[in-house]
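> Turn this into a model:
(one chain, ligands or ions: 1)
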Amino acid sequence: MSNRPDRNSPPRQAYSGSRIERAAVRRSDPATLVTLAENNRAGFYVIGGDAVVLKKRGEDLDPLFLPGEMRAFGTARETVFLGLLDEAPRFGAGFDPAAVEPLKARDDFKLIDLRSIAVQGAVAAEHLPPLAEAKAVLGWHARHRFCPNCGTATNVVQAGWRRDCPSCHAEHFPRTDPVVIMLAIAGERCVLGRSPRFPQTMWSCLAGFAEPGESIEEAVRREVREEVGLACARVAYFASQPWPFPSSLMIGCFAKAASRDVKPDENEIAELRWLERSVARELIAGKRRDGIQVPPPIAIAHHLIKAWALGEY
Ligand SMILES: [Zn+2]
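Numbering: from 1, shown residues only. Sure thing, here's the model as predicted:
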């Protein structure tokens, strides 16, 4: 039997599949964390707002900083212990955007957003999951420095994995927001939408936040009904993807249309189109057709369309 329980699952999604052992039991001991942070194999991912700081090493870009290298930028606003990679400690260090801004003028650093890093393949793929983890947690800190219960400034505890309120004693945890993203299918055709935010030629799956009190299946059916007026019957789970922009979990599904009647909501999508499976196959293979593009492989939408195009659903 394979030691990989997900062996027959869909391809691993960008930002997932971290090799780092999170070692959550270490989070509660501040003394251990100080030792780990000073370990000569410790590495820090440095983030300031939406910018990831990379070291330029000739043609290569390196996202990991030694403890001493990081201290040259000043004091991190928050630090999160990401875990151990073959016993080497890994951390995320969050700086105020203004603190890393001067690095833009330097030849030995590059500041770049995480989406562009993935699209351009700017760093080795193994760095994408910990960068996503660091960005999501550090972004949560930046937006949750005060207790939502009583308004008091909160303290970082548990190695960056919790904020405690000294006044009302509430404990606050980093949040992940579930987003359903689905390919609605009717026979040999699927529905794609074009968001008003997309380029004219970019078509993708429908998507939206799951709401409180909804199952994933209900959220899928509601979003498809709201966005394109289409009723769906069976919903099947495909795969999920961390999407740290700022803190989503994309839950990819297929939805079988119960009718062929569509009525797009102009506020949600600019246009919708039915796409034949044969055309989807060509687009996934990289052929250009009628100025239609589908999202790149870093997005789970690409893999939903691909799996259906190849007859895997
Ligand atoms: Zn409080």
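> Contact residues of the stretch 201-313 of the chain facing the ion?
Counting by Cβ under 5 Å from the ion, none of the residues of the stretch 201-313 of the chain come close to the ion. Just so you know, the C-beta spots here come from the backbone N, C-alpha and C atoms, and that holds for glycine as well.
> which residue packs closest to the residue of the stretch 201-313 of the chain found nearest the ion, ignoring adjacent ones?
Proximity of the stretch 201-313 of the chain to the ion (Cβ to the ion) peaks at residue 247, 21.1 Å away. Leaving out its chain neighbours, the residue that sits closest to residue 247 by Cβ to Cβ, 6 or more residues apart in numbering is residue 136, at 5.0 Å.
> and after the strand or helix carrying that neighbour, which helix or strand comes next?
In this structure, residue 136 sits in helix 128-143 according to DSSP states H and E. Per DSSP H and E, the first helix or strand lying C-terminal to helix 128-143 is strand 155-157.
> need the contact list for the residue of the stretch 201-313 of the chain closest to the ion.
By Cβ atoms under 8 Å, 6 or more residues apart in numbering, the contact list for residue 247 reads 136, 139-140, 174-177.
> just to revisit the earlier point, just list what the helix holding residue 136 packs against, helices and strands only.
Here helix 128-143 touches strand 43-48, strand 78-85, strand 88-95, helix 114-120, strand 232-243, going by 3 or more Cβ pairs under 8 Å, 6 or more residues apart in numbering; DSSP states H and E.
> What is the burial count for the residue nearest to residue 247?
Counted with other Cβ atoms under 10 Å, the neighbours of residue 136 add up to 25.
> begin at 16 from here
Shifting the count to begin at 16 puts that one at residue 151.
> any idea how far the ion is from it?
Taking Cβ to the ion, to the nearest Å as the measure, residue 151 falls 23 Å from the ion.
> hang on, residue 239 packs against residue 200?
No. Counting by Cβ atoms under 8 Å, residue 239 stays clear of residue 200, with 10.6 Å between them.
> So if I had to pick from the two, which one is more boxed in?
A direct count of neighbours by other Cβ under 10 Å for residue 239 and residue 200 places residue 239 higher, at 26 against 21.
> The more buried one: what secondary structure?
Reducing the assignment at residue 239 to three states with DSSP: H, G, I helix; E, B strand; the rest coil gives helix.
> next one: residue 269
strand.
> per-residue pLDDT, residue 252?
Looking at residue 252, its pLDDT stands at 97.
> Apart from its chain neighbours, what residue comes closest to residue 279?
Nearest non-adjacent residue to residue 279 (Cβ to Cβ, 6+ apart): residue 287, at 4.8 Å.
> For the one you found, give me phi and psi.
Dihedral angles of residue 287 (phi, psi; degrees, to the nearest 10) stand at phi -130, psi 160.
> Who are the contact partners of it?
206-209, 242-243, 277, 279.
> For this protein, give me the ranges with low pLDDT.
Within the chain, the stretches with pLDDT under 70 are 16-24.
> Just give me the closest of the contacts of residue 287 to residue 307.
Residue 307 lies nearest to residue 207 out of the contacts of residue 287, by Cβ to Cβ, at 8.3 Å.
> Wait, a strand at that closest one?
Yes. Counting by three-state DSSP, residue 207 is found in a strand.
> ok, it - how many residues close by?
As a burial measure, residue 207 scores 25 neighbours (other Cβ under 10 Å).
> circling back: restricted to buried residues, select the contacts of residue 262 in ChimeraX.
The ChimeraX command for the buried members of the contacts of residue 262 (criterion: 16 or more other Cβ atoms under 10 Å) is given here:
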select :151,154,155,189
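> What lies in contact with stretch 81-95?
52-53, 55, 57-59, 61, 68, 70, 106-111, 114-115, 118, 149, 152-153, 156-157, 171, 174-176.
> Return the set of buried residues in that stretch.
For stretch 81-95, the buried set under the neighbour-count rule, 16+ other Cβ under 10 Å, comprises 82, 85, 88, 91-95.
> Which residue, other than its chain neighbours, is closest to residue 55?
Per Cβ to Cβ, 6+ apart, closest to residue 55 is residue 81, 8.0 Å.
> I'd like to know how far that neighbour sits from residue 73.
18 Å (Cβ to Cβ, to the nearest Å).
> residue boundaries of the helices in the stretch 216-328 of the chain?
For the stretch 216-328 of the chain, the helices defined by DSSP state H, counting those that start in this stretch cover 231-243, 292-299, 315-324.
> could you dump those to CSV with distance to residue 30?
Formatted as CSV, the helices of the stretch 216-328 of the chain follow (distance: least, Cβ to Cβ, whole Å):
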stretch, distance to residue 30
helix 231-243, 20
helix 292-299, 21
helix 315-324, 10
